[in-house]
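Q: Here you go, sequence then predicted model.
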Amino acid sequence: MMRSQKVLLAAEEEKARRQKEELQAEKLKLEQQRKEMERMTGIERPKEVIEEEKHRLEIDKMRKLQEEREARLRKEALEAKEAQARKLEQEEERHRENRESDILTNAADFASSFVPYAKPLFSVGKGIYNWWYGK
């Protein structure tokens, strides 16, 4: 499940990167057109061209904001997934420790049916084990 999410995230990042490259190419093209128009002397640029350029610049700004927003959302989603994965790992570790403790307790109960002082010995051993490993 995590792998498919990583693949989807990578695909989204690739798509965003391609869109960014396309926008940069379009921006470069517009810049070249603007420079060409400025080189032409004695000809006034029509108001329509000026308005179109303003409109395109505004669109570029909006696209940039959208890309930043999408990048932030992807980052937040990734951080949430990582936090969830850490939480699951901690929970699995707790379950594993509980299983180990249960197995040792069951072994001590079984041994105490044959040896009278096995259970107190086990509790001392378990205390030393927990102290040694900081549990």
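A: Arrived safely.
Q: make it CA atoms for all contacts and neighbour counts henceforth
A: OK.
Q: okay, stretch 103-111 in PDB with CA atoms only?
A: Taking C-alpha atoms only, stretch 103-111 is exported to PDB below (Å, rounded to 0.1, in the frame of the first residue of the first chain):
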ATOM      1  CA  ILE A 103       5.700 -16.300  26.400                       C
ATOM      2  CA  LEU A 104       8.200 -16.000  29.300                       C
ATOM      3  CA  THR A 105       5.300 -15.800  31.800                       C
ATOM      4  CA  ASN A 106       3.700 -18.900  30.400                       C
ATOM      5  CA  ALA A 107       7.000 -20.700  30.500                       C
ATOM      6  CA  ALA A 108       7.400 -19.800  34.200                       C
ATOM      7  CA  ASP A 109       3.900 -20.900  35.000                       C
ATOM      8  CA  PHE A 110       4.600 -24.200  33.300                       C
ATOM      9  CA  ALA A 111       8.000 -24.600  35.000                       C
END
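Q: Please identify the buried residues of that stretch?
A: By 16 or more other C-alpha atoms under 10 Å, the buried positions in stretch 103-111 come out as 105, 108.
Q: what sits up against the helix or strand hosting residue 127?
A: Assignment of secondary structure by DSSP states H and E places residue 127 within helix 118-132. Applying C-alpha atoms under 8 Å, 6 or more residues apart in numbering, the contact partners of helix 118-132 are 108, 109, 111, 112.
Q: and the gap between the last one and residue 118?
A: Separation of residue 112 from residue 118 (C-alpha to C-alpha, to the nearest Å) stands at 5 Å.
Q: And the first one, by the same measure?
A: Computed with C-alpha to C-alpha, the distance linking residue 108 and residue 118 is 6 Å.
Q: in the chain, what secondary structure element scores lowest on mean pLDDT?
A: Ranked by mean pLDDT, DSSP states H and E, the helix or strand of the chain with the weakest confidence is helix 118-132, at a mean of 80.
Q: The protein: helices as residue ranges?
A: Secondary structure of the chain (DSSP state H): helices at 2-39, 47-112, 118-132.
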